[in-house]
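[1] need a structure here:
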Amino acid sequence: MEYIVEGLIWLSRNILWINILFAVLLVFFERRNPTSTWLWLMVLTFLPGIGFLLYLFIGQDISKSKMFQIKEKEDRYIRYRVFKQGQKIQEEVYEFSNPRFADYEDIIKMHIYTSESYFSEDNQVEIYFSGEEKFKALFDSIERAKEYIYLEYYIFKYDGIGRKLIDKLTQKAKEGVEVKILYDGMGGRKLKDSHFEEFKKAGGEIAVFFPPFIPFISLRINYRNHRKICIIDGKEAFVGGFNIGDEYLGLSSKFGFWRDTHIRIRGTAVNGLQWRFFKDWRFAAKRDNVRCELNPVKDIVKGKAGIQIVSSGPDSKWSSVKDGYFKMINKAKERIYIQTPYFIPDDSIFEALKVAGLSGIDVKVMIPSKPDHPFVYWAGLSYMGELLEAGVKFYTYQKGFLHSKVLIMDDFVTSIGTANLDIRSFKLNFEVNAFIYDEYVNKEMVQQFNEDLKYCKEITLEEYKERSNIVKIKESISRLLSPIL
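    This next block holds a predicted model:
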């Protein structure tokens, strides 16, 4: 006890110097965006007692490069194995079977260069807009599995649907199917080893992405694996917004109906998701015992959808998903429809949306009316005024909670995945999206967007200007914190 008291006394006497040290490290070593740098300097200056603790847990990036050096080295090794014949994906030349693909060659090439996102043209896509649809399709696919099942989820809860999934996977493992589960250390922080006891006995494997230092408590808020992926036998794969938990079935008393978007892919694009899982598994499990094949295709399907699986994260040189959003907004000629639970655009996306609105393009943004993170919600509201003046339309979804992460461009390109339209998804989380080039998928997504509009309330510029002073204060504070939200 005496040492603790002495330590606290020393800390109180030297808190100023500690803050100065962190400020120097922040300015000279991290090379952040200037807005983010000034924010953290203000936090360190005006909150000397807790500012450096906040910085340690949610702000520091100094260890990022060292943290991901191993992952980058392993990713290079995987690329060598996958493209073992010396093929360089950056030099791939495509002769498009559909002439419309050529209209978006700039987007396709950008994703190839920045994310090594193999482009394939033979895919079928099924879209799910509710938890019941998604989980029924997922369980049906698991039931058909003969060789392997790989799951990667941000949130994994041991509730009704979680237990049902574990039981089903345990049964498949007993049948000799290779089953692997990868979940995030924060999103699955309430899971216990006992929850997977029978699963492991049956031969199933578990890996945790950045597990908590203390059981049930994760102090690492940044660098979370926000991906939601399932690959089955190399024949079909799922990606989208649904995690594993009863609330995604609309069983939460707080949120009620859960509106989300998830897809099942059949075709060569499945290999892109499998490769993504392979790299994440090796990093989290520290084991190289999972197959990864880009060719040949496991199942021949007669799909015509072009797809690129684009992933990004703090270990990536480029913000590939965000750059894809940026290109879609800038390239649009008719419309941009966006659904996102968190709307905190960075400067580039903000300006792109504003220019699109000023250019007469039909830009609609749909967000929840029931925020699960108040500061994030208020920060999002702070961006609306200028965009409303530019002609962008905003809608709040009233039927339940909107968790869908979708961007629809004109009548051909659609992005569906895990990345929100916010700075955290752009810079701090590990994300994965399917960029889909197909008029039928686009048409179905537009129809669903219009159906969702029936349950929305439009935020007009007049209403926005009449918001109370208290709301304006909340917006201002939250806007200031937006780089770390």
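[2] mind giving me the domain split of this structure?
    Here the domain assignment for the chain is 2-62, 73-105+122-305, 320-484, based on automatic domain parsing.
[3] Would you tell me which of those domains gets closest to E116?
    Closest approach to E116 among the domains of the chain (CB to CB): domain 73-105+122-305, 5.2 Å. Using the backbone N, CA and C atoms, a C-beta is placed for each residue, glycine as well.
[4] okay, the domains of the chain, which one's buried deepest?
    Among the domains of the chain, the stretch with the highest mean neighbour count (mean count of other CB atoms under 10 Å) is domain 320-484, at a mean of 20.
[5] Show me the strands in the stretch 201-350 of the chain, by range?
    Along the stretch 201-350 of the chain, the segments classed as strands by DSSP state E, counting those that start in this stretch run 205-209, 229-232, 236-240, 257-259, 262-266, 305-312, 335-339, 343-344.
[6] returning to what we had before: dump the domains of the chain to a markdown table, plus distance to G313 and mean pLDDT.
    Below are these laid out as a markdown table (distance: least, CB to CB, whole Å; pLDDT from 0 to 100):
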| stretch | distance to G313 | mean pLDDT |
| --- | --- | --- |
| domain 2-62 | 13 | 53 |
| domain 73-105+122-305 | 8 | 87 |
| domain 320-484 | 4 | 93 |
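[7] Now do the SS call for L388.
    Here L388 is recorded as helix under DSSP: H, G, I helix; E, B strand; the rest coil.
[8] Quick check: closest non-adjacent residue to it.
    Nearest in space to L388, with sequence neighbours left out and distances taken as CB to CB, 6 or more residues apart in numbering, is L461 at 4.3 Å.
[9] again with A207
    Here the residue nearest A207, using CB to CB, 6+ apart, is A285, at 3.6 Å.
[10] contacting residues for the one you found?
    Residues in contact with A285 (CB atoms under 8 Å, 6 or more residues apart in numbering) are L182, E205, A207.
[11] which residues are contacting the host helix or strand of the first one?
    Going back to what we said before, that points to L182. Assigned by DSSP states H and E, L182 belongs to strand 178-184. With CB under 8 Å, 6+ apart as the test, strand 178-184 has contacts from 147-156, 169, 172-173, 191, 196, 199, 203-210, 224-226, 277, 280-281, 284-285, 290.
[12] Enumerate every residue touching the residue nearest to T460 when sequence neighbours are not counted.
    Residue nearest to T460 in three dimensions, not counting chain neighbours: L388, with 7.5 Å by CB to CB, 6+ apart. By CB under 8 Å, 6+ apart, the contact list for L388 reads F394, I459, T460, L461, Y464.
[13] go with 10 Å
    G357, F394, I459, T460, L461, E462, E463, Y464, K465 (CB atoms under 10 Å, 6 or more residues apart in numbering).
[14] Dump those residues into TSV; add distance to K472 and secondary structure as well.
    Shown next, in TSV, are the contacts of L388 (distance: CB to CB, whole Å; DSSP: H, G, I helix; E, B strand; the rest coil):
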residue	distance to K472	secondary structure
G357	22	helix
F394	17	strand
I459	15	strand
T460	17	coil
L461	15	helix
E462	16	helix
E463	14	helix
Y464	10	helix
K465	10	helix
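[15] any idea how far T170 is from the nearest residue to E205 once chain neighbours are set aside?
    Counting by CB to CB, 6+ apart, the nearest residue to E205 once its immediate chain neighbours are dropped is K180, at 4.8 Å. Distance of K180 to T170, computed by CB to CB, to the nearest Å: 13 Å.
[16] which neighbours do those two share?
    Residues touching both K180 and T170 by CB under 10 Å, 6+ apart: G204.
[17] ok, D159 touching N243?
    No - the pair D159 / N243 is not scored as a contact, 11.3 Å apart, by CB atoms under 10 Å.
[18] which residues are common contacts for those two?
    Common contacts of D159 and N243 (CB under 10 Å, 6+ apart): none found.
[19] returning to that earlier point: what bridges to the residue nearest to E205?
    Y150, E205 (DSSP bridges).
[20] same check, this time on L407
    I338, S415.
[21] what's in contact with stretch 345-355?
    Outside stretch 345-355, the residues within contact range by CB under 10 Å, 6+ apart are 33, 35, 319, 322-323, 325-330, 332, 336, 338, 343-344, 361, 363, 365, 380, 383, 386-387, 389-392, 421-423, 426-427, 482-483.
[22] what do you get for stretch 101-108?
    Residues contacting stretch 101-108 (CB under 10 Å, 6+ apart): 94-96, 110, 117, 119, 121, 306, 308, 310, 323-324, 327-328, 331, 409-410, 412-413, 435, 437-438.
[23] and with 8 Å instead?
    Stretch 101-108 is contacted from outside by 94, 96, 119, 121, 306, 308, 324, 327-328, 331, 412-413, 435, 437, using CB under 8 Å, 6+ apart.
[24] so how far is that stretch from its chain's centroid?
    Put simply, stretch 101-108 sits 23 Å off its chain's centre (CA atoms, centre = their mean, to the nearest Å).
[25] tell me the angle of the longest strand anywhere in the chain relative to strand 262-266?
    Secondary structure of the chain per DSSP state E: the longest strand is strand 119-128. Angle of strand 119-128 versus strand 262-266, following axes from the mean of the first three to the mean of the last three CA atoms, to 10 degrees, is 130 degrees.
[26] strand partners of strand 119-128, parallel vs antiparallel please.
    Strand pairing for strand 119-128, determined by DSSP bridges: strand 262-266 (antiparallel), strand 305-312 (antiparallel).
[27] contact partners of it?
    Outside strand 119-128, the residues within contact range by CB under 8 Å, 6+ apart are 92, 94, 96-98, 101, 108, 111-112, 134, 137, 240, 242, 261-269, 272, 297, 301-308, 416, 436, 438, 441, 444-445, 448.
[28] Tell me if I'm right that V446 and Y337 touch.
    Yes - between V446 and Y337 there is a contact under CB atoms under 8 Å: 6.8 Å.
[29] before we move on, the earlier item: just after the longest strand of the chain, pick out the following helix or strand.
    Moving toward the C-terminus from strand 119-128, the next helix or strand (DSSP H and E) is helix 131-144.
[30] Take that next one, keep the C-alpha atoms, and write them as CSV.
    The C-alpha trace of helix 131-144 is given here as CSV (Å, rounded to 0.1, in the frame of the first residue of the first chain):
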residue,chain,number,x,y,z
GLY,A,131,-31.4,-11.8,-39.5
GLU,A,132,-33.9,-14.6,-40.1
GLU,A,133,-33.0,-14.8,-43.8
LYS,A,134,-29.3,-14.6,-43.2
PHE,A,135,-29.1,-17.1,-40.4
LYS,A,136,-31.4,-19.6,-42.2
ALA,A,137,-29.1,-19.4,-45.3
LEU,A,138,-26.0,-19.7,-43.1
PHE,A,139,-27.2,-22.8,-41.2
ASP,A,140,-28.4,-24.4,-44.4
SER,A,141,-24.9,-23.9,-46.0
ILE,A,142,-23.2,-25.2,-42.8
GLU,A,143,-25.4,-28.3,-43.0
ARG,A,144,-24.2,-29.0,-46.5
